[in-house]
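Chemist: Predicted coordinates and the sequence they were generated for:
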Amino acid sequence: MRSLPSAAPLSSLLLLLLYLAVEGASGARFIGAIVRQAELDVQYVGADTAGAAGAGSPVAGNAGMAPATAGRGSVSAFGRIGRIGGAFASMGAAARQKIGGKGGAVGAAIPGGKTAMLVIDVQKCFLPEGSLAVPHSDEILGPITQLFSNCPGIDYIATSQDSHPPGHISFGPKQPSGIQYLTKDVDKLPPFSNFTYKVGRFGSTYEQVKWPEHCVFDGQHDLLGAEFDPQIDLAIQAWQKDHPCKPKPEGCPYRNFRKGLDPLVDSYSAFHGNKPIKTGFGKTPETGLKEWIRAKNVKNVVVVGLATDYCVGSSAVDAKELLGRDSYVVVVEDASRPVAKESLARMKIKWARVGVEQTTKDELLASSLCKPAAAGGSGMGFAAVNTGTIPLARGRL
């Protein structure tokens, strides 16, 4: 057996194994996700700079991104560590199966309770012909509308709507006043470049992507593609007809939440504005979704929409962190599309860390959530793919 490189001291390896032993399968999944991202970084050196130049921009795909030759020897080391993490993941899963805990077939550990579906930013500006079109975004419309009409186990639906005032900070050329730019010549940066800025003298510092102008909302009217896609609009109306509002305290099972209204702070998550990289005075803008989820006593969340690697992924992470370890939060893969595979890989590391799962539309439609009589039980109970190094088995234990 070949030894690990000298750059990885024995003490570090022992600490890694100790961490995996304590954390079990969840710890191994996190380590495995880090390993996969490290491999990706080795293979695609300079991807971010290529994106800033325009050739490798997220929306343009992966053009101009050449595999690196330097550092290839370290990939095998990452692979060996990944296999160690995978082995521990399998051991931890097997141990938890024996004691009836989480692990193994994910569906076995799904709790009962109320379920909400979050439909994230399915708006014209992110669809084909939109100002910020996500590749293949129109392919998610069919799967999402099927979930609307075929899943009686979904108790609540919340939509989010990207809604930026004219001159929003993310648009670049028409930045609002009260901003200190820490990146030079922001106006000259091409779209999809990153820049940092500070809000006022004592405010927080943020990192921001310079997006094309999109989803403009003037306070009364949706402009520049901020409207929902017509198919989604009709699906929402039909679902509301079948799920009317009830007297308080239960209220309405559907609600829309606008995000990105603050001209100085962008908002990927449907829960709140983006978190600063350095906190100063001032509060992070909230959308009200957190309070709504809590008031409805939601325990499980299904997340669909656009884009997987930004708004969908961030919303899923926040839902999991809000509801805790005993909740079940799942992203439906074919009811969402990413901007780019590199940013999706980074998002999946976050999912692995907090415990967000993945499934498909067909698996969901075959589950107790959408066919409770056929499945013969309450709770979600559908198969999901864990984000770890070794895919976990689909189905119930």
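Modeler: It's in.

Chemist: Y206 pairs with what?
Modeler: Y197 (DSSP bridges).

Chemist: Just give me the neighbour total for K198.
Modeler: Neighbour count for K198, taken as other Cβ atoms under 10 Å: 18. Just so you know, the C-beta spots here come from the backbone N, C-alpha and C atoms, and that holds for glycine as well.

Chemist: Likewise for T115?
Modeler: 22.

Chemist: Please look at it and K299 and confirm they touch.
Modeler: Yes. At 7.3 Å, T115 counts as touching K299 under the criterion of Cβ atoms under 8 Å.

Chemist: Would you work out how far apart the start and end of stretch 198-208 are?
Modeler: 11 Å (Cα to Cα, to the nearest Å).

Chemist: Show me the contact partners of it.
Modeler: Residues from elsewhere that reach stretch 198-208 (Cβ atoms under 8 Å, 6 or more residues apart in numbering): 169-170, 178-180, 182, 194-197, 264-266, 274, 276-282.

Chemist: Buried residues, that stretch. List them.
Modeler: By neighbour count with 16 or more other Cβ atoms under 10 Å, stretch 198-208 contains the buried residues 198-199, 203-204, 206-208.

Chemist: circling back: select from the contacts of stretch 198-208 every entry located in helices.
Modeler: Within the contacts of stretch 198-208, no residue falls in helices by DSSP state H.

Chemist: Filter those residues down to the buried ones.
Modeler: For the contacts of stretch 198-208, buried by 16+ other Cβ under 10 Å: 169-170, 179, 195-197, 264-266, 274, 276.

Chemist: if we take these, which one ends up nearest to Q240?
Modeler: D266 (29.3 Å; Cβ to Cβ).

Chemist: Can you tell me how far that closest one is from K371?
Modeler: Note on D266: its distance to K371, by Cβ to Cβ, to the nearest Å, is 39 Å.

Chemist: just checking, which of the contacts of stretch 198-208 belong to strands?
Modeler: 179-180, 194-197 (DSSP state E).

Chemist: just the strands in the stretch 51-200 of the chain please.
Modeler: Under the criterion DSSP state E, counting those that start in this stretch, strands of the stretch 51-200 of the chain are mapped to 114-120, 156-162, 179-181, 194-199.

Chemist: Run me through the strand neighbours of the third one, direction for each.
Modeler: Which is strand 179-181. Short version: by DSSP bridges, strand 179-181 pairs with strand 194-199 (antiparallel).

Chemist: How many neighbouring residues does K248 have?
Modeler: Neighbours of K248 (other Cβ under 10 Å): 7.

Chemist: quick one, phi/psi of it?
Modeler: phi -60, psi 150 (degrees, to the nearest 10).

Chemist: repeat for the one 10 residues further on
Modeler: With angles defined as degrees, to the nearest 10, R258 sits at phi -90, psi 140.

Chemist: ok, it - contacts?
Modeler: Listed by Cβ under 8 Å, 6+ apart, the contact partners of R258 are 160-161, 163, 217, 287.

Chemist: Of the residues you listed, which is the most crowded?
Modeler: S160 (26 neighbours).

Chemist: Now it: closest residue in space that isn't a chain neighbour?
Modeler: In space, and not counting its chain neighbours, S160 is closest to A270: 3.7 Å by Cβ to Cβ, 6 or more residues apart in numbering.

Chemist: so what's C215 up against?
Modeler: Taking Cβ under 8 Å, 6+ apart, one finds 121, 123, 125-126, 132, 161-164, 222, 224-226, 260 in contact with C215.

Chemist: and it, what pLDDT?
Modeler: C215 carries a pLDDT value of 96.

Chemist: Would you mind measuring from it to S204?
Modeler: Counting by Cβ to Cβ, the gap from C215 to S204 is 23 Å.

Chemist: try G142
Modeler: Taken as Cβ to Cβ, the span from G142 to S204 is 41 Å.

Chemist: end-to-end on stretch 215-227?
Modeler: OK, stretch 215-227 end separation, Cα to Cα: 8 Å.

Chemist: try stretch 286-306
Modeler: OK, stretch 286-306 end separation, Cα to Cα: 20 Å.

Chemist: what do you get for stretch 213-226?
Modeler: 11 Å.

Chemist: List the buried residues in that stretch.
Modeler: In stretch 213-226, counting by 16+ other Cβ under 10 Å, buried: 213-217, 222-226.

Chemist: circling back: ok, the residue nearest to S160 touching S163?
Modeler: No. Contact criterion Cβ under 8 Å: A270 and S163 do not qualify, at 11.6 Å.

Chemist: any shared contact partners between those two?
Modeler: When Cβ under 8 Å, 6+ apart defines a contact, the residues bordering A270 and S163 alike are K259.

Chemist: And the buried ones among the contacts of stretch 198-208, which is the shakiest by pLDDT?
Modeler: I179 (86).

Chemist: quick one: contacts for that residue?
Modeler: I179 touches 169, 197-199, 264, counting by Cβ under 8 Å, 6+ apart.

Chemist: Against K259, how distant is it?
Modeler: Taken as Cβ to Cβ, the span from I179 to K259 is 20 Å.
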